[in-house]
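1. The following comprises the amino acid sequence and a computationally predicted model.
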Amino acid sequence: MSTSAPSFWATGRAILQLLRWHKPAGRLILMVPALWGAFLAADGIPPWRLVGIIILGTLATSGAGCVINDLWDRDLDPLVERTRHRPLASRELTVGVGILMLLVSLACAAGLALFLNPVSFALCVAAVPVILLYPGAKRVFPVPQLVLALAWGFAVLISWTAVRGQDGNAPLWDMGLAWLWLATVLWTLGFDTVYALSDREDDERAGIHSSARFFGRLTPTAVGLFFLGTSIALLGVGVTLNLHGVYFVSWGIATALWARQTWQLHQVDAPPSLYPAIFGQNVVQGFILLAGMIAGSLAR
């Protein structure tokens, strides 16, 4: 009993680490655009049951994405300082356990998707190959963050159509959704390129592609352009959907923070701690924008 109990808890802890539940920022940053889509599509008041499904769905989907990433990279992660202690890389968990957790995560996501309308369900199905292939893209595609950004874009499409599909009179697609999708893709390219800066040297030694390697010394400028594009697209969201001025206050705050982050990245000898800090700040910015979207929708 005394031997099996610690082993049981150690395995449970390793599984939580495999799903990255000990790092909530990565879960929240996928949840944010999904909530953007849900609240904007519903003029600020989506069905709360549907919000719950979206939140649980993002948790299950992000968990599946983390597991498939670690399965792909279990032999490469030991070569990267930040990832060498991951459960599959360190062999704390077996490949079989990883596959089991992947299937469980996908089953949970699929079960939740069954509560959505046919269009949203089809989008969920279409997102799966993108999620499964992203880790492989790091081996052959020079900007794999673009693949991840497209996966993030599905979060907006799924939540928006899930809400609009419950109202037979509301169009499933409009320019507001187009601007929101573009903002999500560019935002993801920006914050994940910053995240990739932490591993750039290790990735180069291991032969792993990343946008931080692709842009090289121009990476801070590229990130700034991605964030600028995000800001312009979010401005398009506000204008197209005729949101109240309070939304533009949140937009201004987020834009100012992106400008500051771009300035920080351009500094000579920026500390390595800057990259995860900017990633965390973008989670907060996402929720600031969400608050503005809700208030801007309700106050129209």
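-> Nice, I can see it.

2. so residue 187 makes contact with residue 226?
-> Yes - between residue 187 and residue 226 there is a contact under C-beta atoms under 8 Å: 7.4 Å. In this view, the C-beta of every residue, glycine as well, is placed from N, C-alpha and C.

3. Those two - which one has more neighbours?
-> residue 187 (29 against 25; other C-beta atoms under 10 Å).

4. Quick check: that one vs residue 294, distance?
-> Counting by C-beta to C-beta, to the nearest Å, the gap from residue 187 to residue 294 is 18 Å.

5. cool, residue 48 as well?
-> 13 Å.

6. of those two, who's got more company?
-> Taking other C-beta under 10 Å, residue 48 and residue 294 do not tie; residue 294 has more neighbours (23 against 8).

7. Packing partners of the strand or helix carrying that one?
-> In the assignment (DSSP states H and E), residue 294 maps to helix 274-298. Helices and strands touching helix 274-298, by 3 or more C-beta pairs under 8 Å, 6 or more residues apart in numbering; DSSP states H and E, are helix 24-41, helix 175-197, helix 219-240, helix 245-265.

8. Next, the angle helix 245-265 makes with the shortest one.
-> Read that as helix 24-41. If you take axes from the mean of the first three to the mean of the last three C-alpha atoms, to 10 degrees, helix 24-41 sits at 150 degrees to helix 245-265.

9. quick one: average confidence on helix 24-41?
-> In this model, helix 24-41 has a mean pLDDT of 94.

10. Same check on the longest one?
-> Along helix 175-197, the predicted confidence averages to a pLDDT of 97.

11. go on, stretch 96-109?
-> For stretch 96-109, mean pLDDT is 95.

12. Can you show me the CA trace of that stretch as PDB?
-> The C-alpha trace of stretch 96-109 is given here as PDB (Å, rounded to 0.1, in the frame of the first residue of the first chain):
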ATOM      1  CA  GLY A  96       0.600   3.900 -24.300                       C
ATOM      2  CA  VAL A  97      -0.600   6.200 -21.500                       C
ATOM      3  CA  GLY A  98      -0.100   9.200 -23.800                       C
ATOM      4  CA  ILE A  99      -2.300   7.600 -26.600                       C
ATOM      5  CA  LEU A 100      -4.900   6.700 -24.000                       C
ATOM      6  CA  MET A 101      -5.100  10.300 -22.700                       C
ATOM      7  CA  LEU A 102      -5.300  11.600 -26.300                       C
ATOM      8  CA  LEU A 103      -8.200   9.300 -27.000                       C
ATOM      9  CA  VAL A 104     -10.000  10.400 -23.800                       C
ATOM     10  CA  SER A 105      -9.500  14.100 -24.600                       C
ATOM     11  CA  LEU A 106     -10.700  13.700 -28.100                       C
ATOM     12  CA  ALA A 107     -13.700  11.600 -26.900                       C
ATOM     13  CA  CYS A 108     -14.600  14.400 -24.400                       C
ATOM     14  CA  ALA A 109     -14.300  17.000 -27.100                       C
END
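
13. ok, and what's touching it?
-> Outside stretch 96-109, the residues that touch it by C-beta atoms under 8 Å, 6 or more residues apart in numbering are 11, 15, 18-19, 56-57, 60-61, 63-64, 67-68, 70-71, 74, 87-88, 124, 128.

14. Is it possible to mark the buried ones in the residues you listed?
-> Among the contacts of stretch 96-109, those buried by neighbour count (16 or more other C-beta atoms under 10 Å) are 15, 18-19, 57, 60-61, 63-64, 67-68, 70-71, 74, 87-88, 124, 128.

15. buried sites along stretch 193-212?
-> In stretch 193-212, the ones that count as buried by 16+ other C-beta under 10 Å are 193-200, 202-203, 206, 208-212.

16. And the furthest pair within the residues you listed?
-> 194 and 206 (19.5 Å; C-beta to C-beta).

17. ok, for residue 124, nearest residue in space, not its chain neighbours?
-> Closest residue in space to residue 124, ignoring its immediate chain neighbours: residue 113 at 4.2 Å, by C-beta to C-beta, 6 or more residues apart in numbering.

18. try residue 285
-> Closest residue to residue 285 apart from its sequence neighbours, by C-beta to C-beta, 6+ apart: residue 254 at 4.6 Å.

19. Tell me which residues touch that neighbour, please.
-> Per C-beta under 8 Å, 6+ apart, neighbours of residue 254: 231, 234, 285, 288, 289.
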